[in-house]
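Peer 1: Predicted model follows, preceded by the sequence.
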Amino acid sequence: MSHRIDGHSMFLHTLEVSGRCLSLILTFSLTGPLQAQSDWPVYGHDSGATRYSPLNQINTLNVAKLQRAWTYSTTEGILNAAPLTQSGRAGEPAGVPGRSANGGRGARTRISEVTPLVINGLMYLTTPYNRVVALEPETGKEIWSYELKDLGVPATRGLAYWPGDKTAPPTIFFGTTGGFLVAINVKTGKPVPGFANEGFLNLRTGVTEKFPNAAYGLSSPPAIYKDLVITGSHVQEQPALGPSGDVRAWDVHTGKPVWTFHTIPHPGEPGSETWEGESWKDRSGANVWGMLTVDTQRGLIFLPIGCPTQDYYGVDRTGANLYSTTLVALDAASGRMAWYFQTTHHDIWDYDLEAPPALIDIIVNGRKIPAVAQMTKEGLLFVLDRTNGKPVYGVQERAVPQAGFVSGEHPWPTQPFPVKPPPLARNSFAPEEIAKVTPEHQKYCEEMLNSNGGLRTGGPYLDFGEKPAIIFPGTLGGGNWHGVSFDPKLGYIFVNTQSFGEVFQIVDSPRGRGARRYKFWDGDKLWPCSAPPWGELSAVDTKTGDIVWRVPLGVFDELEGKNVHNTGTPNMGGTIATAGGLVFVGATVDDRFRAFDSRTGKELWVTNIGAAAHTVPITYQGKDGRQYVALMVSGGGFLGDHTIAPILLAFALP
């Protein structure tokens, strides 16, 4: 076992697993078994979350003809699709259920970020109205549904599929906000009686006994590896003490626990020395609330771990705080650590890792490298060798501010920055970079900038304390949970980002010291106060680590009417890539769904879908031979745009 922790190398760690050093494994292969290529069987299309489909019926030559094929309402069933014009644009859909009369924000509607699965002729999804449903993927017709009772709302981002074996049926697994893992027989639509308690596993057992009133649940799908279902968790952001963020594996047949990985190491475990005193004890956070990915060939599971509690106050947890805000690779069968790479040491900025670590095979200097691409909130893309965690293009530990924090805070003296690619979103801000899209907006932003005696400005690791400062990017990124997609033919990584900051200030509250924070933008218009572009779509060439193209993503119609172009918009939700030479993405607060040329970044198709699609779309081939592209539309969430009752839209060629 190699073991080294110091100011410049502590972010990388390699362990022996079953007597072999994973850094020496040089076998190159696909990240998982071949799936039905016409389906979308895993959240990220494959277990390594490349989000690439080999389908090419829809391509750069005909995508402009794409039109709505069917619509499924999570509240009302099938709706008649509004026809698109020949240009591929649609007007505001009339009579969309749940839309507030003025189309405003804050409509009291549940939102959904779910990405459906399509497997063997059926589509599966959860809804925010406590149901899991199976649909006919060619029409949206409901085949079966199951309603949950008193278990919380199904996880907002989706579900996982296990193909079954001789003793158990094919099963879909998903979590709930109430802390349950649910197993549903895909053939009957009923809970699987042999799994845990008649199909329901209480995940709170073993983690919440000391904190019975604390929040604990799942917000993302579990991962499947052979006969294991592996879960992260969604926990509190404050106070500091509460349920652990440990990652756990369960027997897919019985629901019995198989292994637990302590995301905050206990005394005597590797990394425990990065927690001063007993600051590890009962510490919450350091949880995987985003997506786990699996290299089935190498038997590795990748954990994008979030920050520890409290998110913005680390006085009581001096040290680097492993394995918070760290990409960790485990032996999937045993839960033993293979290696780790910490992207933010002693995180007090809420720079969670949560995007799916994308497992991609790349060629650099003529050598094939099994890599993992991890997007961060800071707008940084780390590309690592997935067998050992070593950076492919290099990483520098750079000095960051040390003064100006609250008394007792000891930030880590350096933070890691990839040599390549450069930041994919703005990750610093200076007063002269104030937005000037309209005189009124400029005045609004300057008044905010000059408030409280003048807000301090700088980069992603700026110090903050009782005097407020603009942290750039803010806690929404940069990048966020949606991550990247990858075209293996081009060798391009695609990622959408947003660029705006947040104001941080340490304040006292009944729950102790913590951060007051608010977005550096006009929240009514959703216009950030930094100069645009506010949203971008980029392609990175993995052969070189360079950005191939970078284009604004999204428009504000009001600014377009004032002849202000190329602003992009805030966005939340991801891309997919296809063999048709296309990148599809919703995400933007302008209520559009778009297709881009993957080689050039040229926008080829856009349609108005009535609200934002803060999700990852899918594409699949139906039994009728047609290729479909589908996505959930609901708006809302952390960006505060208007909401509609969630609807699933599917598009196809005429």
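Peer 2: Now that the structure is in, tell me what you want to look at.
Peer 1: so which helix or strand takes in Arg517?
Peer 2: strand 512-519 (DSSP states H and E).
Peer 1: Provide the contact partners of that strand at residue level.
Peer 2: Here strand 512-519 makes contact (Cβ atoms under 8 Å, 6 or more residues apart in numbering) with 238-240, 310-313, 315, 406, 464, 468, 474-475, 500-507, 528. For the C-beta atoms, the positions are set from N, CA and C on the backbone; glycine is no exception.
Peer 1: May I have the phi/psi pair for the closest residue in space to Leu228 that isn't next to it in sequence?
Peer 2: Leaving aside its sequence neighbours, Leu228 sits nearest to Ala249 (Cβ to Cβ, 6 or more residues apart in numbering; 4.6 Å). Ala249 adopts backbone torsions of phi -110, psi 140, taken as degrees, to the nearest 10.
Peer 1: So for stretch 352-370, first residue to last residue, what's the gap.
Peer 2: Criterion Cα to Cα, to the nearest Å; first-to-last residue distance in stretch 352-370 is 24 Å.
Peer 1: show me the contacts for the closest residue to Ser499 other than its chain neighbours.
Peer 2: Nearest residue to Ser499, sequence neighbours excluded (Cβ to Cβ, 6+ apart): Arg426, at 3.9 Å. By Cβ under 8 Å, 6+ apart, the contact list for Arg426 reads 379, 472-473, 499, 530.
Peer 1: Roughly how far does Arg426 sit from Gly501?
Peer 2: 9 Å (Cβ to Cβ, to the nearest Å).
Peer 1: repeat for Arg68
Peer 2: 37 Å.
Peer 1: These two: which is more packed in?
Peer 2: The residue with more neighbours, out of Arg68 and Gly501, is Gly501; 28 against 18, by other Cβ atoms under 10 Å.
Peer 1: And the pLDDT for the closest residue to that one other than its chain neighbours?
Peer 2: Leaving aside its sequence neighbours, Gly501 sits nearest to Phe472 (Cβ to Cβ, 6+ apart; 3.8 Å). Here the pLDDT value assigned to Phe472 is 95.
Peer 1: do Gly103 as well
Peer 2: Looking at Gly103, its pLDDT reads 33.
Peer 1: Can you read off the backbone torsions of the residue sitting furthest away from the middle of the chain?
Peer 2: Here the chain reaches farthest from its C-alpha mean at Gly453, the gap being 36.0 Å by Cα atoms, centre = their mean. Taking degrees, to the nearest 10, you get phi 80, psi 10 for the backbone angles of Gly453.
Peer 1: contacting residues around the closest residue to it other than its chain neighbours?
Peer 2: Spatial nearest neighbour of Gly453, excluding adjacent residues (Cβ to Cβ, 6+ apart): Lys467 at 7.5 Å. Residues near Lys467 by Cβ under 8 Å, 6+ apart: 404, 452-453, 456, 505.
Peer 1: Out of the residues you listed, which end up buried?
Peer 2: 456, 505 (16 or more other Cβ atoms under 10 Å).
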